[in-house]
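generate coordinates for the sequence data below:
(one chain, ligands or ions: 1)
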Amino acid sequence: MRDYDFLVIGGGIAGMTFALEAAREGRVALLAKRSLEDSNTNWAQGGVAAVWDPEDSPRFHAADTIEAGAGLCNRRVVDLVVEEGPERIRELIELGVRFSLKRENGTATADYDLGLEGGHSRRRVLHAADHTGQEIVRGLSEAVRRNDNIDVFEDRFAIDLLIDEKFGFASGRPQCWGAYVLDTTSGVVEAFTARATLLATGGTGKVYLYTSNPDVASGDGIAMGWRAGCRVADMEFIQFHPTCLYHPDAKSFLVTEAMRGEGAVLRTPDGNPFMKAYDSRAELAPRDIVARAIDREMKRRGFDNVLLDVTSLDADFLKERFPVIYQRCLGYGIDITTTPIPVVPAAHYMCGGVMTGLDGETSIARLYAAGEVAMTGLHGANRLASNSLTEGAVFGHRAARHAMRRLREDSSKAPALPAWTSGAAVDIDESVVISHNWDEIRRLMWNYVGIVRSDRRLARAAARITMLREEIQQYYRDFRVTRDLLELRNLALVADLIIRAARTRRESRGLHYNVDCPERDDAHWLRHTVL
Ligand SMILES: Cc1cc2nc3c(=O)[nH]c(=O)nc-3n(C[C@H](O)[C@H](O)[C@H](O)COP(=O)(O)OP(=O)(O)OC[C@H]3O[C@@H](n4cnc5c(N)ncnc54)[C@H](O)[C@@H]3O)c2cc1C
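Numbering: from 1, shown residues only. So this is what the prediction gives:
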């Protein structure tokens, strides 16, 4: 058993921000399922939204966030994120994160280059060219690794949270005392105990066949939180990024929204621009509108993809502003300066998750959630582009501050908890069943619970996922745990929660669109879908 003051499950922007803050007062264990550099944060391209320009104001940022959120943003949370965001970004800069500077006549100025993205009424997206996430992870992970109060454990898979009432210790509100964790290299499961635990496990993109997310995004934190007894909300609101590269060899490669901010035009494969027919903001309409428009054009005309055309922009500007996309596309034989980029929509961001309060606290004592795993109330029914990195930093910081205050007031230690036992479980001998079920879930979710939904497809998905979950639960009882089995179990649960939420909401709003109830219904549904 390993004992710490703080256990941080997840090493993206939310987890590392929490860890650095909490380490001022206690010993921190930071877990990452693979390497610290393998996270959604690391893949973020466009940037991080914050009021930076003197002409801009938190009021405008709040208004844009609320407009995108389609009536479901929590005003207090929005205000707090837009007010505190710039301070968290200043701290990143102090840690050594280098955001791109504005250039004049080829020379860098002292001002940051602020990008414009869909749904933002002002330029307010700080970025490091088109590899913002990588630069943020570099700055944060260097600081985390050199901090003597933080122990980083990579290749560690948190299986389940240690909740006292499940072991018969509860007195009053259930409390979390850490987690059982699998060392995926040795296969050994250890208990990590802590006086405060943060879920910062990121997103759920891998639930879908096509996603912009890396493999770590299998919704583990939501699944752990749900099994522990947390309230989970708004799972039907999944953002599909309109533009992922469509190429047989490209796995999950996103083409940033910032390109549309700079003037890229969406066209059908026969060359016609179509966005104006769907929204007066055309390419700068919020993501859900753009993704649905693409989905509609593809289904209506039977296209496999559409095109994102930046060929009218200056070639040198494109190479400097979007170096990663330029190089990556070139590797697939597409020179973006002369050829439109083939793109399709893909699952990108989970707006729902473990419900938290203003300090990232969950319904279980000593348990916090921050970042994409959490439903703080910021995004409502649709996330405004580049608000998620900001949210992760703000809530990672707030949760740490809250946990530090609590630990100062209460010096209780974790009770003696039982070690993990495998019982009669044996090593899995048929990995094919895992990969088959994994594939089935992802296809089922893509086909039945995708960008456009219907009652019949959702009902079919619900019936199928129930059977799959029973099967998977049986494997979980019979076989020794592996990363694949644990991810499959979590993926199936998260899929089930998404389907349940989607069936519950009898209207269409923000990212949830059901052809059988296509209108927004404020009289009945101006509320979160709390499961
Ligand atoms: C391609 C792409 C581009 C994006 N671009 C932008 C952008 O420009 N701006 C923006 O604001 N947002 C963007 N996003 C979204 C944003 O990157 C994420 O929402 C955000 O980074 C999530 O941060 P996080 O700290 O919550 O989780 P993550 O960064 O995903 O980190 C999750 C961590 O949890 C760990 N983990 C997961 N499960 C377990 C487990 N069971 N046990 C132990 N560890 C576990 C992982 O290993 C990882 O370390 C983008 C996302 C993608 C995929």
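
so what's the residue of the stretch 1-150 of the chain found nearest the ligand up against?
Nearest to the ligand, among the residues of the stretch 1-150 of the chain, is G12, at 2.0 Å (Cβ to the nearest ligand atom). For glycine as for every other residue, the C-beta is placed from the backbone atoms N, C-alpha and C. For G12, the contacting residues are 39-42, 137, 200, 202, 371-372, 392, by Cβ atoms under 8 Å, 6 or more residues apart in numbering.

settle this for me: T41 is touching I136, isn't it.
Yes. T41 lies in contact with I136 (Cβ atoms under 8 Å); the separation is 6.3 Å.

identify the residue nearest V290 in space, chain neighbours excluded?
P242 (4.1 Å; Cβ to Cβ, 6 or more residues apart in numbering).

S252 too?
Once flanking residues are discounted, S252 sits nearest to S212: 5.4 Å by Cβ to Cβ, 6+ apart.

quick one, helices of the stretch 1-150 of the chain?
13-22, 40-43, 58-68, 75-95, 132-145 (DSSP state H, counting those that start in this stretch).

quick check: phi and psi on V189?
Backbone torsions for V189, taken as degrees, to the nearest 10, come to phi -110, psi 130.

identify the residue nearest it in space, chain neighbours excluded?
W420 (4.0 Å).

my guess is that neighbour contacts A191, does it?
Yes. The criterion here is Cβ under 8 Å, and W420 meets it with A191 at 6.6 Å.

where do the contact lists of the two overlap?
Y180.

tell me the contacts of the residue of the stretch 101-250 of the chain found nearest the ligand?
Per Cβ to the nearest ligand atom, G202 is where the stretch 101-250 of the chain lies closest to the ligand, at 2.3 Å. For G202, the contact set (Cβ under 8 Å, 6+ apart) comprises 10, 12, 14, 39-41, 216-217, 221, 371-373.

any idea how far E117 is from V97?
19 Å (Cβ to Cβ, to the nearest Å).

ok, now S388?
12 Å.

how many residues are close by the residue nearest to V290?
By the criterion of other Cβ atoms under 10 Å, P242 has 32 neighbours.

just A110 next, same as before
Neighbours of A110 (other Cβ under 10 Å): 6.

wasn't I472 part of a strand?
No. I472 is assigned helix when assessed by DSSP: H, G, I helix; E, B strand; the rest coil, not a strand.

before we move on, the earlier item: export the helices of the stretch 1-150 of the chain as TSV, with columns for mean neighbour count and distance to E487.
Shown next, in TSV, are the helices of the stretch 1-150 of the chain (neighbours: other Cβ atoms under 10 Å; distance: least, Cβ to Cβ, whole Å):
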stretch	mean neighbour count	distance to E487
helix 13-22	29	18
helix 40-43	25	15
helix 58-68	20	31
helix 75-95	18	30
helix 132-145	21	22
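
can I get these in JSON lines including mean pLDDT?
Listed next are these as JSON lines, based on pLDDT from 0 to 100:
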{"stretch": "helix 13-22", "mean pLDDT": "98"}
{"stretch": "helix 40-43", "mean pLDDT": "96"}
{"stretch": "helix 58-68", "mean pLDDT": "97"}
{"stretch": "helix 75-95", "mean pLDDT": "98"}
{"stretch": "helix 132-145", "mean pLDDT": "97"}
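
which of the ones you listed sits closest to R296?
helix 58-68 (20.0 Å; Cβ to Cβ).

now for that closest one, which elements pack on it?
Using 3 or more Cβ pairs under 8 Å, 6 or more residues apart in numbering; DSSP states H and E, the elements in contact with helix 58-68 are helix 75-95.

any idea how far the helix it packs on is from the chain center?
Distance, stretch centre to chain centre, for helix 75-95: 18 Å (Cα atoms, centre = their mean, to the nearest Å).

quick one: that helix to helix 13-22, angle?
Angle, helix 75-95 to helix 13-22, by axes from the mean of the first three to the mean of the last three Cα atoms, to 10 degrees: 70 degrees.

can I get helix 75-95 in PDB, CA atoms only?
Listed next in PDB are the C-alpha coordinates belonging to helix 75-95 (Å, rounded to 0.1, in the frame of the first residue of the first chain):
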ATOM      1  CA  ARG A  75     -23.700  31.400 -14.900                       C
ATOM      2  CA  ARG A  76     -21.600  31.400 -11.700                       C
ATOM      3  CA  VAL A  77     -19.200  28.800 -13.100                       C
ATOM      4  CA  VAL A  78     -18.900  30.700 -16.400                       C
ATOM      5  CA  ASP A  79     -18.100  33.900 -14.600                       C
ATOM      6  CA  LEU A  80     -15.500  32.200 -12.400                       C
ATOM      7  CA  VAL A  81     -13.800  30.500 -15.400                       C
ATOM      8  CA  VAL A  82     -13.600  33.600 -17.500                       C
ATOM      9  CA  GLU A  83     -12.400  35.700 -14.600                       C
ATOM     10  CA  GLU A  84      -9.800  33.200 -13.300                       C
ATOM     11  CA  GLY A  85      -8.600  31.900 -16.700                       C
ATOM     12  CA  PRO A  86      -6.100  34.700 -17.500                       C
ATOM     13  CA  GLU A  87      -4.400  34.200 -14.100                       C
ATOM     14  CA  ARG A  88      -4.000  30.500 -14.700                       C
ATOM     15  CA  ILE A  89      -2.500  31.200 -18.200                       C
ATOM     16  CA  ARG A  90      -0.100  33.700 -16.600                       C
ATOM     17  CA  GLU A  91       1.100  30.900 -14.300                       C
ATOM     18  CA  LEU A  92       1.600  28.700 -17.300                       C
ATOM     19  CA  ILE A  93       3.700  31.400 -18.900                       C
ATOM     20  CA  GLU A  94       5.700  31.700 -15.600                       C
ATOM     21  CA  LEU A  95       6.300  28.000 -15.700                       C
END
